[in-house]
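Student: below: sequence and its predicted model.
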Amino acid sequence: MVGLYAYNDHSEPRAAPPEPNVYVQLTAGFTRGRHTFDEPIELWPQKCANMGYYEYFSVWPWDFDKLPGGRANDFDYLRKQIPLYVERGATSLDCESSSNWGLHGRGYYVAHKLMWDPSVDVDSLLADFYEKAFGPAAAPMRRYFERFDGGNEPLVSAHSLALGFRDLDEAAKLAPDRPDVQARLDHVKSYLRYMHLRWQVERATDEARKKELLLALFTHGYRSRYSYMNHWVAIRGWAGEAAREFEEPSWDPGGTNQPWAIDRPYSREETEAEFREGLAYFELDPVEEKAFSEDLVPADFAAAEPPAESVQSYQWTLPYYLYRVSGEPLELSVTAGTIPHYRDLAPAKWTVSDAAGSPLASGRVPLDGQNHALRVDVPGPGLYRFEFDDSSAGWQIRVAPGRHAAVALDATRRVEHAGWMQPMYFYVKALTASADLPTRCGDARCPRSTSPVRDAASRCMSPDRPLVESPPANSRCP
């Protein structure tokens, strides 16, 4: 047999089928050409009798060993994707992974079981895992793992981490006479120590304090490297980057006598002491999440500036709601491929659906960096949803002045705003005491990542009250 990857510029099947002795392994990422991954996975089995697939379970630049992790910790994905590969003729599955069992161990275990038997009952498998691994502490550990399961779309915050630490604390108290269980809990506590240090590193504003925390993180990674709770090889590379950034040549892993290279494994007492630090650091701060319907109506703020053209640029999919008062056609323009490096990916896709989710129109837009006008006839007045899949190549949307257009906010979607953002308005329920706007920047190690925006200009207005400029902290909106 001759094996090859269907990967990158070679993701698409050729017109002629490969020879009978050719084995093709299609990658679940980095596909280029006319198709997104959901299309080659259907096309290749029609051409090739010998198929396998290459997955990306954990990639350091994607998850950085941070909760909620990569695909290996998304159980909705594992349940769906591995049986799908089998249905599409897979006789092999390679999974790019990291030695980070504190984050992905449960997923690695279940993925191997699914590869052996794609019809296995995952719920029963997990119940057995919790019981066998944690005995009397099974219930709080199930809660801990499900709390941060990527398939549950968790919003990782100081509060959710506080809950996770308390899950572990409760578990330890339920198994005082089980040294085997305590040893496993210590492994999870070791992983949470990494999360604790990383959380502080990303939020440190004082350079000296950041260096102190980084050295503690690298030291922790080195001392715990043979537990394989974290991807030490990647952390070691990070130490090299930090050595150059902070002009600390002694940190460089290529040298000798690094200050983080303390070759002494953790004792149980040390693990527990550091766990207690994290337990005290992450305090409970419950936030009641409010659910709003998607039955939107147009707003007319008399106190706002005259209408202007809406121009916003993004990377990744971000749905919009559009409203038509009298049933006139939807009119907007889009530019796909605003990131030139990615213009050799699959053309962008757009869809328009009604308020009930029924599709009305769809199409594709080349990734050419040019403006394309779209006009869609709609059956009548009301609310419509516009979705644009940019193939990760970046896109821009333009809506004429006076036309109603709103971002469909969704905490579970990853999206990056690319460029300067115009003034945007969002709904706040009357008598809301305060509002923080969580945001992410492009760098997962940026100190502002997932931190509240407190320096942005804010305004509070309603149709029947005057504009309030920059209301003071904790003031109530009218």
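Tutor: That came through, no problem.

Student: partners of the residue lying closest to Pro347 once chain neighbours are set aside in the sheet?
Tutor: The spatially closest residue to Pro347, leaving aside those adjacent along the chain, is Arg364, at 4.4 Å (Cβ to Cβ, 6 or more residues apart in numbering). Bear in mind the C-beta positions are built from the backbone N, C-alpha and C, glycine included. Note on Arg364: beta-bridge partners by DSSP bridges are Lys349.

Student: what is the burial count for Arg364?
Tutor: 14 (other Cβ atoms under 10 Å).

Student: tell me where this structure has helices.
Tutor: Taking DSSP state H, the helices of the chain run over residues 40-47, 60-63, 75-87, 101-116, 122-134, 138-147, 158-174, 179-203, 207-223, 232-245, 268-281.

Student: how about the first one: buried residues?
Tutor: Which is helix 40-47. The neighbour-count check on helix 40-47 (16 or more other Cβ atoms under 10 Å) flags Pro40, Ile41, Trp44, Pro45 as buried.

Student: now swap in the third one and tell me
Tutor: In terms of neighbour count (16+ other Cβ under 10 Å), helix 75-87 has its buried residues at Phe75, Tyr77, Leu78, Arg79, Gln81, Ile82, Tyr85, Val86.

Student: out of the helices of the chain, flag the one nearest Gln370.
Tutor: helix 40-47 (26.3 Å; Cβ to Cβ).

Student: Arg193 versus Trp232, what's the distance?
Tutor: As judged by Cβ to Cβ, to the nearest Å, Trp232 and Arg193 stand 14 Å apart.

Student: compare the two (neighbour count), which wins?
Tutor: Neighbours per residue (other Cβ under 10 Å) separate Trp232 from Arg193, with Arg193 holding more: 25 against 22.

Student: so that one touches Tyr281, yeah?
Tutor: No: using Cβ atoms under 8 Å, Arg193 makes no contact with Tyr281, being 10.9 Å away.

Student: picking up where we left off before, looking at the helices of the chain, which is closest to Tyr5?
Tutor: helix 40-47 (11.5 Å).

Student: by contact count, what packs against the closest one?
Tutor: strand 22-31, strand 51-56 (3 or more Cβ pairs under 8 Å, 6 or more residues apart in numbering; DSSP states H and E).

Student: of those strands, which is nearest Ser250?
Tutor: Between Ser250 and those, the tightest spacing by Cβ to Cβ is seen for strand 51-56, at 34.3 Å.

Student: next, the angle strand 22-31 makes with that closest one.
Tutor: Interaxial angle of strand 51-56 relative to strand 22-31 (axes from the mean of the first three to the mean of the last three Cα atoms, to 10 degrees): 30 degrees.

Student: centre of the chain to strand 51-56, how far?
Tutor: 21 Å (Cα atoms, centre = their mean, to the nearest Å).

Student: do stretch 14-21 as well
Tutor: 37 Å.

Student: buried set for that stretch?
Tutor: Buried residues in stretch 14-21 (16+ other Cβ under 10 Å): Pro18.

Student: same question for stretch 140-152.
Tutor: Pro140, Met141, Arg142, Arg143, Tyr144, Phe145, Glu146, Arg147, Phe148, Asp149, Gly150, Gly151.

Student: gap between the fifth one and Arg375?
Tutor: Distance from Tyr144 to Arg375, counting by Cβ to Cβ: 51 Å.

Student: in this structure Tyr321 contacts Ala406, no?
Tutor: Yes: Tyr321 is within contact range of Ala406, at 4.7 Å (criterion: Cβ under 8 Å).

Student: thinking again about what came up before, overlap in contacts, Trp232 and Arg193.
Tutor: Residues touching both Trp232 and Arg193 (Cβ atoms under 8 Å, 6 or more residues apart in numbering): Ser224.

Student: quick one, phi psi at Pro319?
Tutor: Backbone torsions for Pro319, taken as degrees, to the nearest 10, come to phi -70, psi 150.

Student: check what pLDDT the closest residue in space to it that isn't next to it in sequence gets.
Tutor: In space, Pro319 comes closest to Ala408 once its chain neighbours are excluded; the distance is 3.9 Å by Cβ to Cβ, 6+ apart. According to the prediction, Ala408 has pLDDT 84.

Student: give me the number of residues near Ala408?
Tutor: Ala408 has 14 neighbours, counted by other Cβ under 10 Å.
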